[in-house]
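*Asks:* need the 3D shape of this:
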Amino acid sequence: MPKPEGYRKALRCMQMAAKFGRPVLSFIDTPGAYPGIDAEERGQAEAIAFNLREMAKLPVPILITIIGEGGSGGALAIGLGDQVLMLENAIYSVISPEGCAAILWKDAGKAEQAAASLRLTADDLFRNGVVDLVVKEPSEGAHMDHDMAAQLLDTALKEKLFQLIANPQQSPVTGRYEKLQKFGEWGIATK
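*Replies:* Residues are numbered from 1 along each chain as shown. Now for the predicted structure:
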């Protein structure tokens with residue numbers, strides 16, 4: 001659970017990568033930003049917002065990978081990219097199922113129902129266009145075979161990075177903007 005200083009440090013690394021024309025790879029596994037009063041006093045919300053703005057403007061390719069849990073603005077602050085990859089057993093959501101259940105039904109015990117409503121799985125997010133690629137894991141999960149999981153992820157990252165580099169039809173900033181504009185589009189479903 002990063003604190004404001006962690007987000008600022010991550011941004012400095014991203015800006016250095018941009019200065020030298022290097023792509024940014026971000027690996028996310030956090031339930032969210034640290035929620036303590038001391039973090040808020042040191043500008044937690046401002047650090048998250050600043051990172052989002054600055055990542056949107058980076059002139060280099062950005063590849064995001066959710067490797068475990070991607071929770072709330074704490075994950076978004078290092079998760080704005082050209083391509084978002086997600087391990088097949090990872091989750092990515094604006095709130096935890098327990099937090100959602102506590103707010104909606106005043107009962108954290110309804111977390112399973114909340115999880116289904118949040119559609120936080122890799123397959124759900126891929127279908128909804130939030131995630132660009134679901135990366136397969138070893139049969140028993142990435143945590144059971146780190147080497148195989150790393151090989152599978154390495155292959156996927158190389159493929160996506162080469163695609164971004166080989167097809168510079170527009171600037172990364174323009175592509176990111178267009179991608180973000182598609183989130184939350186609504187329409188009338190027809191049968």
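*Asks:* would you mind finding the longest helix in the chain?
*Replies:* When the chain is parsed with DSSP state H, its longest helix is helix 146-166.
*Asks:* ok and the following helix or strand past that one relative to helix 146-166, angle-wise?
*Replies:* Later in the chain than helix 146-166, the nearest helix or strand by DSSP states H and E is helix 172-182. Interaxial angle, helix 172-182 versus helix 146-166 (axes from the mean of the first three to the mean of the last three CA atoms, to 10 degrees): 110 degrees.
*Asks:* other SSEs contacting helix 172-182?
*Replies:* helix 44-57 (3 or more CB pairs under 8 Å, 6 or more residues apart in numbering; DSSP states H and E). C-beta coordinates here come from the backbone N, C-alpha and C atoms, glycine included.
*Asks:* hmm, who's touching the helix it packs on?
*Replies:* Contact with helix 44-57 is made by 3-4, 7-8, 10-11, 14-15, 24, 33-34, 62, 73-74, 76-78, 80-81, 173, 176-177, 180, as judged by CB atoms under 8 Å, 6 or more residues apart in numbering.
*Asks:* can you do 6 Å?
*Replies:* Residues from elsewhere that reach helix 44-57, judged by CB atoms under 6 Å, 6 or more residues apart in numbering: 4, 7-8, 11, 33, 73, 77, 80, 173, 176.
*Asks:* in helices, which of the residues you listed fall?
*Replies:* If you go by DSSP H, the contacts of helix 44-57 have 4, 7-8, 11, 73, 173, 176 in helices.
*Asks:* thinking again about what came up before, who wins on neighbours among the contacts of helix 44-57?
*Replies:* Ala77 (28 neighbours; other CB atoms under 10 Å).
*Asks:* so that one is in contact with Tyr7, correct?
*Replies:* Yes: using CB atoms under 6 Å, Ala77 is in contact with Tyr7, at 5.1 Å.
*Asks:* Gly32: how many residues sit nearby?
*Replies:* By the criterion of other CB under 10 Å, Gly32 has 22 neighbours.
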